[in-house]
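Chemist: coordinates for the following, if possible.
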Amino acid sequence: MTGAASRVLQRVIPDRAAGFVFEVIPRDGGKDLFEISDGVGGPVIKGSSVRALLSGANWYLKYFCNAHVSWTGDQLRLPAQLPKVGRTVRIVSPYEFVNMYNYCTFNYTMSFWGWEEWERELDFLALNGVNLVLSVVGQEAVWQNVMRRMGMSEKEIFDFIPGPAFQAWWLMGNLEGWGGPVSQEWIDQQAALQKKILARTRELGMEPIMQGFYGMAPRVMIEKFPDARIYETGLWCAFNRPAMVDPTDPFFGKIAEVWYDELEKLYGDAKFYGGDPFHEGGSADIDLKDAGEKIQAAMLASHPGSTWVLQGWQSNPRKELLDGTISDNTLVLDLFGETNPQWNRRDGFYGHPWVWNIISNFGGNTGVHGSLWKVAEHPVEALNSEKKGRLVGLGAMMEGSMQDAVLWDLLFDMAWRSESPNLDDWVKKYADRRYGGATDSQKEAWVTLKNTAYNAKDGSGAEPESPMCARPSFDLTRAWGTMEREYDECEFARAWNLLIKDAEKYRGVGTYEHDLVNVSRQALANLSLEYTRIFSKAYHENNEEVFTRYTNAFLELILDQDRLLSTDELFMLGKWIADARKVATSEKESDLFEWNARTQVTTWGPKKSARNLHGYANREWAGLLKGFYYKRWGLFFKVVSSDLSKYSKKARSGKVQLSAITGGDDRATGLDPTSIEWFELEEKWTNMLDEYDAAPVGDPVDESLRVYKKYSPEISGICKTE
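Modeler: Numbering: from 1, shown residues only. Next up, the predicted model:
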């Protein structure tokens, strides 16, 4: 244990790791704990597990050294002498597990990760006390081996396996083959990567949740095995779902045995296995109680004592399914705890152990967003509730990570708290460690952010989106989420004013520079919403002068946003594409993987699924703004403004194809601009290979100051008139 903990610190703070002493101590009544005290040359961290040891080290870094490790940058300017604690800090965790990852995270964030990214990620998880982690890289090799043993052809195998940006929805039983075919070299590469991930995961005391067999099978098996009960399960967002093998059919047990055999051959044994029948819909004529019993029985037959991990999402796992399971060998993840918790209306999942989680981010969308007060209060409420049942953990189930560091920092803190902190005090201390000592303005900025963008109300889920990323329309309620902010946009602008005051002083502090760019980005996104309100009103009133002025201003704002975000690689399309090409195993595959990268963040699926999925994973990213969203909005404005009076409400008369717009006649009368068929244009972009900057361009402080000087007077003017 102590060796693993020391190696993490050697990677994270190589020059100071030797000052930390680790010692193992017993658990407290079966619960993890850590103690921090003073040693000869630095702190002595005692803990009951690797999780506890590293949580103690991170607690010391955060609360005694004003240091910070996060997904969005590290601030590790430690004092010359490691500070004295002056007492023994002893903290016992109220939870057995700290859980990590939504299936979607593996694609909205990790589609193109290699070992460098994973090594850093696993160290981050270990420092934050994670000890239960979904681990589904490399499942292509498992399915390939299983299908070969079932007598399937190589073509059938490669037609079933999806591309690297769509693995999650394949494993959840939503689709098959989309984004492929991948190469054998890619499959082998991913299998090798998963072996490294699992070796490090286990070294750090984290239990991997491996992919279990829950009945999903290639649709072609319906014809291959006509005597078996294998069912069609319907559509998911216009995709044909994989088939479902009836768990009560003896054929199910045969495949399950092969599955677990091949999984263990590749990746070893595990204690936890995931898999959700009928995720987000789907149906088959089976008895759910019997299905639950047989799925779990097959798992236990191959891995005695293991636990089936199920996602609490929408109506799943259904009570009938849970009734068929052994509760001690089942774990339910209540995914949407911050907004739509199930535990309190489902009797704590009927005696099954469960974990309180938050999602907060959907689709990897870019936005300053979250609910700090829910993270601080809701787990404590659950711990103290008579309905809590067997609450055993809390966790993070974001669809996309690498953003909103403050939210996740608090969540991981709560793994060691039984009471809610004072959030005003907490965010001020957060600013201190985030920037290595914060000014009064920065602390006030974070209190204001806590009261605005990080103050999502009960019942609120996904972050409000940016109009810049929406498919052009005068009715932005057609966008995926919501455009309207729950908070006062003028108060958010005040946080921007406060944060930027010390820009010159904190130039070069990477965590500050990222936050400054991000808050600046959000302020501009909020302003773009005001522009859409103005030009939409002008359109409906046929006010050509105002319409032209604000549509031009909106397009200019997109370009300024693009230029600002070019200074931070976490906001760059070019980095996403470069990573996709880098992990491919041939030039042909590089092009396919670039298509995966472009498609996921724009159209997502084919035309037939566009209504359900287009723009779901939209991002305010440099390159994507200028190369995709700007051109889309520009075309929309060009069509509409060609003769504004022609497009009043009375004149609108249905859809036209994009070819009718771009065929040379910009004055196509009778056009309904809210009904343009965009897919042709969008799909063309996904097939392009034009290059985007993969490394930051420009200075983040300079660009933030530039857009602040340009737009803050206008925002102030708008706020004064409201």
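Chemist: can you give the domain ranges for the chain?
Modeler: 2-92, 97-427, 467-721 (automatic domain parsing).
Chemist: can you pull the buried residues of the host helix or strand of Lys254?
Modeler: Element membership for Lys254, per DSSP states H and E: helix 250-267. By neighbour count on 16 or more other Cβ atoms under 10 Å, the buried set for helix 250-267 is 251-256, 258-260, 262-263, 266-267. For every residue, glycine as well, the C-beta is placed using N, CA and C.
Chemist: before we move on, what about stretch 380-396?
Modeler: So for stretch 380-396, counting by 16+ other Cβ under 10 Å, buried means Val380, Ala382, Leu383, Gly389, Arg390, Leu391, Val392, Gly393, Leu394, Gly395, Ala396.
Chemist: so for stretch 692-707, what's the average pLDDT?
Modeler: Per-residue pLDDT values over stretch 692-707 give a mean of 98.
Chemist: over to stretch 602-612?
Modeler: On average, stretch 602-612 scores 87.
Chemist: distance from it to the middle of the chain?
Modeler: 20 Å (Cα atoms, centre = their mean, to the nearest Å).
Chemist: buried sites along it?
Modeler: For stretch 602-612, by 16+ other Cβ under 10 Å, it's Thr602, Thr603, Trp604, Gly605, Ser609, Ala610.
Chemist: pull the most distant pair out of those residues.
Modeler: Thr602 and Ser609 (12.7 Å; Cβ to Cβ).
Chemist: which neighbours do those two share?
Modeler: The overlap between the contact sets of Thr602 and Ser609 (Cβ atoms under 8 Å, 6 or more residues apart in numbering) is empty.
Chemist: can you pull the contacts of the nearest residue to Met572 once chain neighbours are set aside?
Modeler: Leaving aside its sequence neighbours, Met572 sits nearest to Ala622 (Cβ to Cβ, 6 or more residues apart in numbering; 5.0 Å). Residues near Ala622 by Cβ under 8 Å, 6+ apart: Asp562, Arg563, Leu564, Leu565, Ser566, Phe571, Met572, Leu573, Gly574, Tyr692, Asp693.
Chemist: by neighbour count, which of those wins?
Modeler: Counting neighbours by other Cβ atoms under 10 Å, the top entry in these is Leu565, with 32 neighbours.
Chemist: wait, doesn't that one sit right on Ser520?
Modeler: No. The pair Leu565 and Ser520 fails to qualify as a contact (Cβ atoms under 8 Å) at a distance of 9.2 Å.
Chemist: low-confidence stretches in the protein?
Modeler: Along the chain, the parts satisfying pLDDT under 70 run over 459-462, 477-481, 610, 643, 645-675, 722.
Chemist: one more pass at 50, please.
Modeler: For the chain, applying pLDDT under 50 flags the ranges 647-671.
Chemist: longest helix anywhere in it?
Modeler: Identified as the longest helix of the chain according to DSSP state H is helix 510-540.
Chemist: give the contact list for Glu207.
Modeler: So Glu207 contacts Asn131, Leu132, Val133, Ala270, Lys271, Phe272 (Cβ under 8 Å, 6+ apart).
Chemist: over to Thr109?
Modeler: Gly364, Gly400, Ser401, Met402.
Chemist: and for Leu524?
Modeler: Leu557, Asp560, Gln561, Leu564, Val707, Tyr711.
Chemist: reformat the buried residues of helix 250-267 as a markdown table; add distance to Gln311.
Modeler: Listed next are these as a markdown table, based on distance: Cβ to Cβ, whole Å:
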| residue | distance to Gln311 |
| --- | --- |
| Phe251 | 26 |
| Phe252 | 21 |
| Gly253 | 24 |
| Lys254 | 26 |
| Ile255 | 22 |
| Ala256 | 20 |
| Val258 | 24 |
| Trp259 | 19 |
| Tyr260 | 20 |
| Glu262 | 24 |
| Leu263 | 19 |
| Leu266 | 24 |
| Tyr267 | 21 |
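Chemist: out of the residues you listed, what pair is the most spread apart?
Modeler: Across those, the longest distance by Cβ to Cβ is 24.5 Å; it joins Phe251 and Tyr267.
Chemist: in helices, which of the contacts of Leu524 fall?
Modeler: Per DSSP H, the contacts of Leu524 map to helices at Leu557, Asp560, Gln561, Leu564, Val707, Tyr711.
Chemist: filter those residues to the buried ones?
Modeler: Counted by 16+ other Cβ under 10 Å, those give Leu557, Asp560, Gln561, Leu564, Val707, Tyr711 as buried.
Chemist: surely the second one meets Ser704?
Modeler: No. With contact taken as Cβ under 8 Å, Asp560 and Ser704 are classed as non-touching, separated by 11.1 Å.
Chemist: run the chain-centre distance for the helix holding Lys254.
Modeler: In terms of Cα atoms, centre = their mean, the centre of helix 250-267 is set 30 Å apart from its chain centre.
Chemist: so where does Pro208 fall, helix or strand?
Modeler: Counting by DSSP H and E, Pro208 is part of strand 207-211.
Chemist: pull the residues that contact the helix or strand just after that strand.
Modeler: Sequence order places strand 216-217 as the next helix or strand after strand 207-211, per DSSP H and E. The list of residues contacting strand 216-217 from outside it, by Cβ under 8 Å, 6+ apart, reads Gly173, Ile230, Pro242, Ala243, Met244, Val245, Ile255, Gly275, Pro277.
Chemist: whichever of these end up buried, select them in ChimeraX.
Modeler: In ChimeraX, this line selects whichever of the contacts of strand 216-217 come out buried by 16+ other Cβ under 10 Å:
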select :173,230,242,243,244,245,255,275,277
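Chemist: redo the contacts of strand 216-217 as TSV? Include distance to Ala291 and secondary structure.
Modeler: Formatted as TSV, the contacts of strand 216-217 follow (distance: Cβ to Cβ, whole Å; DSSP: H, G, I helix; E, B strand; the rest coil):
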residue	distance to Ala291	secondary structure
Gly173	13	coil
Ile230	14	strand
Pro242	16	coil
Ala243	14	strand
Met244	9	strand
Val245	10	strand
Ile255	14	helix
Gly275	12	coil
Pro277	7	coil
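Chemist: tell me which two in the contacts of strand 216-217 are the farthest apart.
Modeler: Ile230 and Gly275 (16.7 Å).
Chemist: need the three-state assignment for Lys388.
Modeler: Three-state call for Lys388 (DSSP: H, G, I helix; E, B strand; the rest coil): coil.
Chemist: quick check: closest non-adjacent residue to Gly39.
Modeler: Val21 (5.0 Å).
Chemist: verify the stated contact: the one you found with Gly42.
Modeler: Yes. With contact defined as Cβ under 8 Å, Val21 reaches Gly42; the gap is 7.0 Å.
Chemist: the two - which one has more neighbours?
Modeler: Each of Val21 and Gly42 has its neighbours counted (other Cβ under 10 Å); Gly42 has more, 19 against 16.
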